[in-house]
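[1] Quick one: sequence plus predicted model below, questions after.
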Amino acid sequence: MKRVYLLVSICLLLTATAAACGLKPTPDPIEIQQLVAEAVQATIEAMLTATPYPTYTPVPPAPIYTPPPAHADTIVPGTPESQAGATFRTHIVVAGDTLSGLARKYGTTVEAIMEANGLSDPGLIIVGQVLSIPVEEAPATPTSPPTLVPPTATPTEIPAP
């Protein structure tokens, strides 16, 4: 019972203090209408500066990267116009390839590769570019196998002790 009495007295004290400070238990309906009208007006002003309907700008799809095939080396008895009758190997350029590296790999010169492909700058090759690499034709193989000569024993003198 003492607890209920204490609780009621605290509530009365709080209510009296709130009334003395000018606090109202519920807001005035006219004040609520004014606050809502101000909020609506601010929202309308903000909407006038915004785009009424967002527009869609189509974006083209990104190209799909397909890596060039690994070194696709084939020997083509072909003829770039500059060297009729020569044999060429095709090479697809991959990242890290240089003309000097290709010349070492295929046993030719940078100048020969540049001439076969009509290049003017040895530093300008592009990944995926197909290059014609001139190769020397292998020497003709003999039709008959070489004759083997067995070794002969040569007598040697043993020095006397």
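    Okay, I see it.

[2] All the strands of the chain, residue numbers only.
    Counting by DSSP state E, the segments of the chain that form strands are 74-76, 87-92, 130-135.

[3] and of those, who's closest to Ala116?
    Distance to Ala116, taken as Cβ to Cβ, is lowest for strand 130-135 among those, at 4.7 Å. Just so you know, the C-beta spots here come from the backbone N, C-alpha and C atoms, and that holds for glycine as well.

[4] Which other helices and strands does the closest one contact?
    For strand 130-135, the packing partners by 3 or more Cβ pairs under 8 Å, 6 or more residues apart in numbering; DSSP states H and E come out as strand 87-92, helix 99-106, helix 110-117.

[5] Mind listing the strands that strand pairs with, and their directions?
    Sheet pairing for strand 130-135, assigned by DSSP bridges, gives strand 87-92 (antiparallel).

[6] Taking helix 110-117 as reference, get the angle to the strand it pairs with.
    Put simply, strand 87-92 runs at 90 degrees to helix 110-117, going by axes from the mean of the first three to the mean of the last three Cα atoms, to 10 degrees.

[7] Tell me the buried residues in strand 87-92?
    Under the neighbour-count criterion of 16 or more other Cβ atoms under 10 Å, strand 87-92 has Thr87, Phe88, Arg89, His91, Ile92 buried.

[8] re earlier: okay if I get the helices and strands packed on strand 130-135 as JSON lines plus distance to Gly123 and mean pLDDT?
    Listed next are those as JSON lines, based on distance: least, Cβ to Cβ, whole Å; pLDDT from 0 to 100:
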{"stretch": "strand 87-92", "distance to Gly123": "17", "mean pLDDT": "85"}
{"stretch": "helix 99-106", "distance to Gly123": "8", "mean pLDDT": "90"}
{"stretch": "helix 110-117", "distance to Gly123": "10", "mean pLDDT": "90"}
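
[9] Distance to Val130 for the ones you listed - can I get that in CSV?
    Formatted as CSV, these follow (distance: least, Cβ to Cβ, whole Å):
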stretch, distance to Val130
strand 87-92, 6
helix 99-106, 12
helix 110-117, 9
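
[10] Between the ones you listed, which one is closest to Tyr56.
    For those, proximity to Tyr56 was assessed by Cβ to Cβ; strand 87-92 is nearest, at 40.6 Å.

[11] between that closest one and helix 99-106, what angle do the directions make?
    130 degrees.
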